[in-house]
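Colleague: what's the 3D shape of this:
(chains A and B)
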2 protein chains.
Amino acid sequence: MLIIDALQYVNWNRDLFAQARDGGVNAIHVTISYWENTESTLANIGDWRRRFRENSDLIMPVRTGDDIRKAETSNKVGIILGFQNCSPIEDDLRKVEMLHEQGVRIMQLSYNNQSLLATGCYENDDSGVTRFGREVIKEMNRVGMVIDMSHSAEKSTLQAIDLSERPIAITHANPSQWHHALRNKSNDVLKALGESKGMLGFSMYPFHLNNNSSCTLDDFCGMILDTAELMGIDNIGIGSDLCQNWGYDTLEWMRSGTWTFKPDFGEGSSENSDWPEQPEWFKSSRDFSNISEGLISKGISYADVEKIMGLNWLNFFDNSFGAIKNG
Amino acid sequence: MLIIDALQYVNWNRDLFAQARDGGVNAIHVTISYWENTESTLANIGDWRRRFRENSDLIMPVRTGDDIRKAETSNKVGIILGFQNCSPIEDDLRKVEMLHEQGVRIMQLSYNNQSLLATGCYENDDSGVTRFGREVIKEMNRVGMVIDMSHSAEKSTLQAIDLSERPIAITHANPSQWHHALRNKSNDVLKALGESKGMLGFSMYPFHLNNNSSCTLDDFCGMILDTAELMGIDNIGIGSDLCQNWGYDTLEWMRSGTWTFKPDFGEGSSENSDWPEQPEWFKSSRDFSNISEGLISKGISYADVEKIMGLNWLNFFDNSFGAIKNG
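Modeller: Numbering: from 1, shown residues only, chains lettered A, B, ... in the order given. Alright, predicted model coming up:
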């Protein structure tokens, strides 16, 4: 079964690449920037080029949907480069195309806070997609970079769905009706996403789960079933938000960047500030089979489980990663 | 009479410094950044250091209110460095203090568009001061950098007035009741500004003037009289927004930066895209005496004209350019 994970943030090494391959994962969207500017982002891309050279038996870069098929047939993990924020383009519209040429295929318009493009989900007020944001959406549409609104606020997300001429993605979040969290999404957003042929990736980051780390696989798979009904079976996939092998410093940096001197606890709290514990049925990339089995035991057909586990993302990426064809 | 101009954007050379000195201007707030990041801003500050060395008979840097008094007694033009946008601090709260140490004393929270801190006056929706913006306001308060909302949107401006523990400024704008323009300010904003002991600098940029370039001196001085009534005589000054010696390229860059591929005409239009013609009574820094004479002929006392022409800004800068004293 083809498996695509539309979001992981891992401190990668050879063992973890092997783990992903052994877990049967054919492609992973990896985060290379949260707050980084262009220069730091290019350095991170440079690090990935080195990883591709040094681990070419385990991983390969993905620039097209077909690259994922190649990864599958060669038993490698395809790596899709993406940003969780728009900081890498700074204030320069021209950098969208340049970074697409460097292999970047997915970019969030904002990460928790207000960005130059859109409002983040932790702001009090949401002004929607900005003047610059409208230009960037057009440019991302043109070159073939996926608009991701996982960490954006509601109005901004609805506007992005509306403004974008190509379907957009929420690579890693769950319905807020199932588990209330600022990072999860309303039924309005999910319906609009589904109607526009956009994609939702289901997150297994404990703060996005009902009962957090204690969430049961059955509960999670039931939520997927309900969301399939809301959005359509073709518009859902996995975006695990798996975070591995990082210390607390990294979490603090993801949350606070350089925008505040105080600790910001993000989805956690001062009493619960550290990385949350993964649910026992999804500790690592070895555990994707638990999800497919859980879905099957909910009575979903094998063909539909295949869609959820990877084929829907493959189809979406086939239609998203290339420039708009003229005429 | 002490004269302070709280905003000019001039392509400076020795002749123009001499012109300002001959016009009796004792201090000018000059713009060194619109869209520049930290590195480009430091280069611009470096250019100013060179100008200070090479024109030390005509100009001197201003870091305190007392420096303006020194400029007056030594017959030089004091130069206050400032930003029309927050791009120079990028997304890094720590850079507020660093740039203050470099001599920067005034920063706008946004320039026309949405910034990381606040919404600009040309956006459709205004989400107010952002999470990062709240931190930056505290830090600007702490180190002694003036918050300027000249190009910001209404709600953001009202929130900045409210959030800032020190009075803020609108260095260059006029009341929108007198002349409707997205850049001019509502009576609500002006009243809140006056009540908080903030300052408004009156602009002579034609797009901010009633009848634009044809605005009469009498009309302009009448508007000042009305605004004194609304805001208090101690809370108004001059912020001419004088732009000199630039080509169209610079105007295009100010308007469009790198955020759009299309021409953006800002306050102009496709039929009226170039730099506007200054009103005949204010063509250059030689013409400040026209304004003081115009005010006197409206029946304003000499003491009050002195306040408007410079003493109010001096008092405001005395209280704004230093760190908050402990205890």
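
Colleague: what residues of the helix ranked longest in chain A count as buried?
Modeller: Taking DSSP state H as the criterion, chain A has its longest helix at helix A:38-54. For helix A:38-54, a neighbour-count test (16 or more other Cβ atoms under 10 Å in any protein chain shown) marks A:38, A:41-42, A:44-45, A:48, A:51 as buried. All C-beta atoms are positioned from the backbone trio N, CA, C, and that covers glycine.

Colleague: give the buried residues for the worst-scoring helix or strand of chain A on mean pLDDT.
Modeller: One helix or strand of chain A scores below all others by mean pLDDT, DSSP states H and E: helix A:248-256, with a mean of 93. For helix A:248-256, burial by neighbour count (16+ other Cβ under 10 Å) applies to A:251-252, A:254-256.

Colleague: just to revisit the earlier point, elements contacting the longest helix of chain A?
Modeller: Secondary structure elements in contact with helix A:38-54, counted by 3 or more Cβ pairs under 8 Å, 6 or more residues apart in numbering or on different chains; DSSP states H and E, are strand A:27-33, strand A:59-61, strand A:77-83, helix A:95-101.

Colleague: ok now the very next helix or strand once past the second one, how far from the chain's centre?
Modeller: Heading C-terminal from strand A:59-61, the first helix or strand you meet, by DSSP states H and E, is helix A:65-73. Relative to the mean C-alpha coordinate of its chain, helix A:65-73 is positioned 19 Å out (Cα atoms, centre = their mean, to the nearest Å).

Colleague: equivalent analysis for stretch A:41-50, please.
Modeller: The chain centre lies 19 Å from the centre of stretch A:41-50; the measure is Cα atoms, centre = their mean.

Colleague: dump it to CSV, restricted to CA.
Modeller: Extracted C-alpha coordinates of stretch A:41-50, given in CSV (Å, rounded to 0.1, in the frame of the first residue of the first chain):
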residue,chain,number,x,y,z
THR,A,41,16.5,28.4,4.3
LEU,A,42,19.0,27.9,1.6
ALA,A,43,21.4,26.6,4.2
ASN,A,44,18.7,24.1,5.2
ILE,A,45,18.2,23.1,1.6
GLY,A,46,21.9,22.6,1.3
ASP,A,47,21.8,20.3,4.3
TRP,A,48,19.1,18.2,2.6
ARG,A,49,21.2,18.0,-0.6
ARG,A,50,24.0,16.5,1.5
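
Colleague: need the residues that contact it.
Modeller: Residues from elsewhere that reach stretch A:41-50 (Cβ atoms under 8 Å, 6 or more residues apart in numbering or on different chains): A:30, A:32-33, A:36, A:61, A:79, A:81, A:83, A:87-88, A:99, A:102-104.

Colleague: do stretch A:316-326 as well
Modeller: Here stretch A:316-326 makes contact (Cβ under 8 Å, 6+ apart) with A:4, A:62-66, A:68, A:80, A:105, A:141-144, A:146, A:165-167, A:169, A:199, A:237.

Colleague: which residues of the stretch 51-200 of chain A score low on pLDDT?
Modeller: Scanning the stretch 51-200 of chain A for pLDDT under 70 picks out nothing.

Colleague: flag every residue of it that's near chain B.
Modeller: Within the stretch 51-200 of chain A, the residues that sit near chain B (Cβ under 8 Å from any Cβ of the partner chain) are A:87, A:90-94, A:113-116, A:119, A:122-128, A:130-133, A:135, A:139.

Colleague: which among the residues you listed count as buried?
Modeller: A:87, A:90-93, A:113-116, A:119, A:122-123, A:125-128, A:130-133, A:135, A:139.

Colleague: tell me where chain A has helices.
Modeller: A:14-22, A:38-54, A:65-73, A:95-101, A:131-143, A:154-163, A:187-195, A:217-231, A:248-256, A:288-297, A:302-306, A:312-320.

Colleague: and the fourth one, what does it pack onto?
Modeller: The reference is to helix A:95-101. helix A:38-54, helix A:131-143.

Colleague: on that earlier part again, B:Tyr205 is nearest to which of the helices of chain A?
Modeller: helix A:131-143 (21.0 Å; Cβ to Cβ).

Colleague: narrow the buried ones among the residues of the stretch 51-200 of chain A next to chain B to those in strands?
Modeller: Among these, no member is found in strands (DSSP state E).

Colleague: residues making contact with stretch A:118-130?
Modeller: Here stretch A:118-130 has contacts from A:109-114, A:116-117, A:133, A:137, A:149, A:151-157, A:159-160, A:163, A:182-183, A:266, B:113-114, B:119, B:123-128, B:130-131, using Cβ under 8 Å, 6+ apart.

Colleague: how far does that stretch stretch from one end to the other?
Modeller: Start-to-end span of stretch A:118-130 (Cα to Cα, to the nearest Å) is 6 Å.

Colleague: and stretch A:193-202, by the same measure?
Modeller: Start-to-end, stretch A:193-202 (Cα to Cα) is 14 Å.

Colleague: what are the buried residues along that stretch?
Modeller: Quick answer for stretch A:193-202 (16+ other Cβ under 10 Å): A:193-194, A:198-202.

Colleague: which one of those residues sits closest to B:Cys243?
Modeller: The nearest member of those to B:Cys243, counting by Cβ to Cβ, is A:Gly198 at 45.1 Å.

Colleague: how about the contacts made by that closest one?
Modeller: For A:Gly198, the contacting residues are A:161, A:167-170, A:235, by Cβ under 8 Å, 6+ apart.

Colleague: before we move on, what about A:Ala169?
Modeller: A:Ala169 sits in contact with A:6, A:106, A:146-149, A:198-201, A:316, A:320, where contact means Cβ under 8 Å, 6+ apart.

Colleague: in stretch A:68-76, what's buried?
Modeller: A:68-69, A:71-72, A:76.

Colleague: partner residues bridging A:Lys59?
Modeller: Careful, residue A:59 is Ile and not Lys. Following DSSP bridges, A:Ile59 is listed with bridge partners A:Val77.

Colleague: what's the burial count for it?
Modeller: If you count neighbours by other Cβ atoms under 10 Å in any protein chain shown, A:Ile59 ends up with 24.

Colleague: identify the farthest-apart pair in the buried residues of stretch A:68-76.
Modeller: A:Arg69 and A:Lys76 (11.4 Å).

Colleague: what pLDDT does A:Ser269 get?
Modeller: For A:Ser269, the pLDDT comes out at 89.

Colleague: let me know the closest of the contacts of A:Ala169 to chain B.
Modeller: Each of the contacts of A:Ala169 was checked against chain B using Cβ to the nearest Cβ; the closest is A:Met149, at 16.0 Å.

Colleague: now the closest one: how far from B:Gly232?
Modeller: Noted for A:Met149: a distance of 46 Å to B:Gly232, by Cβ to Cβ, to the nearest Å.

Colleague: centre of the chain versus stretch A:116-131, how much separation?
Modeller: Offset of stretch A:116-131 from its chain centre (Cα atoms, centre = their mean): 19 Å.
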